[in-house]
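S.K.: Next input, structure requested:
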Amino acid sequence: MHAVFRRIALWFALAGGAAACAMAVLTVVSVVMRAAVSKPIQGDVELVQMGIALCISLYLPWCQLTRANIIVDFFTDKLAPRPKGALDGIGSLLLAVMCLVLAARTAAGAQAVLEAGETTMIIGLPMWWAYAMLAPGLALTALIAIWQGLRQLRGLDDGTPAAAGGAAP
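M.R.: Numbering: from 1, shown residues only. Okay, here's the model as predicted:
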């Protein structure tokens, strides 16, 4: 299962990286145009806001899979492996619940905004796109967290990236 999640999460992260690069280029071009000819790219802020939100949601699955998300283990660091794994498993499952709720609400928000016909102020992009783009990354993060949490609760995963599938990411 780790190999499947790894492949999908990697493609999500690469897409997020491509979107981040595109947002950087868009920002630079807009700033240069503003300075050179007093004419920035119309809607640059709208596009960057949507693009960065997309980047974040696409990076989340990779961060969860590779254990790169921030955890607070100050109190659990000295625990024995079994109770620490149980607490990590509960934490992973709680993260999964949160991501599932966010994915569901984001999808519902996309549907509501689509039905309302809401668009961005300056360039008139449909707002539902921004909402809909977030749901896949959140849903994949939830699936990975469920898989990790169940493995941690069974003692099959010690919380290191290599334990998740035999190969370090």
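S.K.: just the helices in this protein please.
M.R.: 2-37, 44-65, 81-116, 128-153 (DSSP state H).
S.K.: Ok, which of those comes nearest residue 71?
M.R.: Residue 71 lies closest, by CB to CB, to one member of those: helix 81-116, at 7.1 Å. Where you see a C-beta, it was placed from the backbone N, CA and C, and this is true even at glycine.
S.K.: now the closest one and helix 128-153, what's the angle there?
M.R.: Our comparison of helix 81-116 with helix 128-153, counting by axes from the mean of the first three to the mean of the last three CA atoms, to 10 degrees, yields an angle of 160 degrees.
S.K.: quick one, helix 81-116 and helix 44-65 angle?
M.R.: Interaxial angle, helix 81-116 versus helix 44-65 (the same axes, to 10 degrees): 150 degrees.
S.K.: give me phi/psi at residue 156?
M.R.: Listed backbone geometry of residue 156 is phi -90, psi 0, with angles given as degrees, to the nearest 10.
S.K.: Same list (the helices of the chain) but as a markdown table, adding distance to residue 71 and mean neighbour count.
M.R.: Formatted as a markdown table, those follow (distance: least, CB to CB, whole Å; neighbours: other CB atoms under 10 Å):
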| stretch | distance to residue 71 | mean neighbour count |
| --- | --- | --- |
| helix 2-37 | 18 | 15 |
| helix 44-65 | 11 | 21 |
| helix 81-116 | 7 | 17 |
| helix 128-153 | 12 | 21 |
